[in-house]
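Colleague: missing the sequence, but the structure's below:
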DNA sequence: ATAGGGTTAG
């Protein structure tokens, strides 16, 4: 009952596309579990379908509609709509939540602010924050932080310090470690790590916990400005002198900035973190693998990939993209094809350009069967709007054209890479 | 529960 209005609204939006509604009726017959919802949303590129999946989920979970899973689904749906530039639909969708009884729960309202931020609709986020008094929703740092996050997502970085200075006093709330984290992020994004460090010191003075997250934001900000020596001394100062315990994310920032150089340095840092009791993750191993690739050591790179499982890590899209790309570059197209097949199995398919590189390389080197198998796979796996570019590539390679005229709209994450 | 770290080659 609680999300019936949002649900009705979602259904109304869905019926605006007759084809989508028909497809929906066939595809979705009952309530969805959390994992079904996440999986379906990830693979759904049509925003109307995303809305339908959202409503199908919330309708069966209205007893816990302010949980993180609903927020995830809500943000994801908004992201899909935003990619199609359907901002007025986002507004109707999110505004419809304001008539639900849960709107007086701060967490529920904060998720609307965050969703507006994800869509880059900051003015709506601010309006929602301002409306809290009228809606009867209490304000704490939770909604304040949601507003600051919306600034960052909307790339209005310079507003973060202003709100940080004005809002807490106005509404009697206290900035916490998250508020400071967002403020520090904003300063780093504005190219001002020194201001970020100043705020870090302020946190310490006020006794607000400095976590590896806060510390990593600044480390990254310094490296991004090319201030490598300062980054290194910042690490030494925080870790060696002030006892900040770096985590895998902090080490990954360091790996990111050295993986273009010699392999030895990367291996040494991986050893260093392991010795410090921090388990490298897939991102860490991606840097090691890339480092091998850049130095032409493909067997070693492949070995890192092959041994990921035994290290308790799963390859991700970046793993596959990098490995396939460098295998092609080294002329090892058939191995590249085999790795591609594994990426399909794991639903971690590389971006279009990498696949194009692979298909062209296979074709040029006479591996016709592999190209044909690849085409069959991709005709099934590519999001609709990419089939057109894929069909053109297939034609350019002198292979049978496919009819993609019926697919000519929508956006996808793959396409943008 | 809200803040950080991957989009690396062409």
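Modeller: That came in fine, so what should we check first? Given the structure is predicted, the values throughout are model-derived calculations rather than measurements. Numbering: from 1, shown residues only, chains lettered A, B, ... in the order given.
Colleague: Which residue ranges of the stretch 301-417 of chain A form helices?
Modeller: A:317-329, A:333-345, A:352-364, A:368-381, A:387-396 (DSSP state H, counting those that start in this stretch).
Colleague: nearest residue to residue A:190 other than its sequence neighbours?
Modeller: In space, and not counting its chain neighbours, residue A:190 is closest to residue A:157: 4.9 Å by CB to CB, 6 or more residues apart in numbering. The C-beta positions use only the backbone N, C-alpha and C, and glycine is treated the same way.
Colleague: I'd say the one you found and residue A:184 touch.
Modeller: No: counting by CB atoms under 8 Å, no contact exists between residue A:157 and residue A:184, whose distance comes to 11.3 Å.
Colleague: who has more neighbours, these two?
Modeller: residue A:184 (27 against 18; other CB atoms under 10 Å).
Colleague: care to break chain A down by domain?
Modeller: As assigned by automatic domain parsing, chain A contains the domains A:176-246, A:247-314, A:344-417.
Colleague: on that earlier part again, can you list the helices of the stretch 301-417 of chain A in CSV and add mean neighbour count, distance to residue A:175 and mean pLDDT?
Modeller: Below are those laid out as CSV (neighbours: other CB atoms under 10 Å; distance: least, CB to CB, whole Å; pLDDT from 0 to 100):
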stretch, mean neighbour count, distance to residue A:175, mean pLDDT
helix A:317-329, 22, 34, 96
helix A:333-345, 18, 43, 95
helix A:352-364, 20, 43, 93
helix A:368-381, 16, 46, 89
helix A:387-396, 17, 47, 81
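Colleague: can you put those helices in JSON lines and add distance to DNA strand B?
Modeller: Listed next are the helices of the stretch 301-417 of chain A as JSON lines, based on distance: least, CB to the nearest atom of the strand, whole Å:
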{"stretch": "helix A:317-329", "distance to DNA strand B": "3"}
{"stretch": "helix A:333-345", "distance to DNA strand B": "11"}
{"stretch": "helix A:352-364", "distance to DNA strand B": "4"}
{"stretch": "helix A:368-381", "distance to DNA strand B": "17"}
{"stretch": "helix A:387-396", "distance to DNA strand B": "13"}
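Colleague: Can you name the residue of chain A nearest to DNA strand B?
Modeller: residue A:181 (2.2 Å; CB to the nearest atom of the strand).
Colleague: How confident is the prediction for that residue, by pLDDT?
Modeller: Looking at residue A:181, its pLDDT is 96.
Colleague: For residue A:254, list the residues it contacts.
Modeller: A:219, A:235, A:269 (CB atoms under 8 Å, 6 or more residues apart in numbering).
Colleague: near DNA strand B, which residues of the stretch 201-350 of chain A?
Modeller: A:209, A:211-214, A:216-217, A:220, A:247-250, A:252-253, A:256, A:259-260, A:281-284, A:286-287, A:290, A:294, A:316-319, A:321-322, A:325, A:329 (CB under 7 Å from any atom of the strand).
Colleague: Among the residues you listed, the buried ones, what's the ChimeraX command?
Modeller: Here is the ChimeraX command that selects the buried residues among those (16 or more other CB atoms under 10 Å):
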select /A:212,214,216,217,220,247,249,250,252,253,256,259,281,282,283,284,286,287,290,294,316,317,318,319,321,322,325
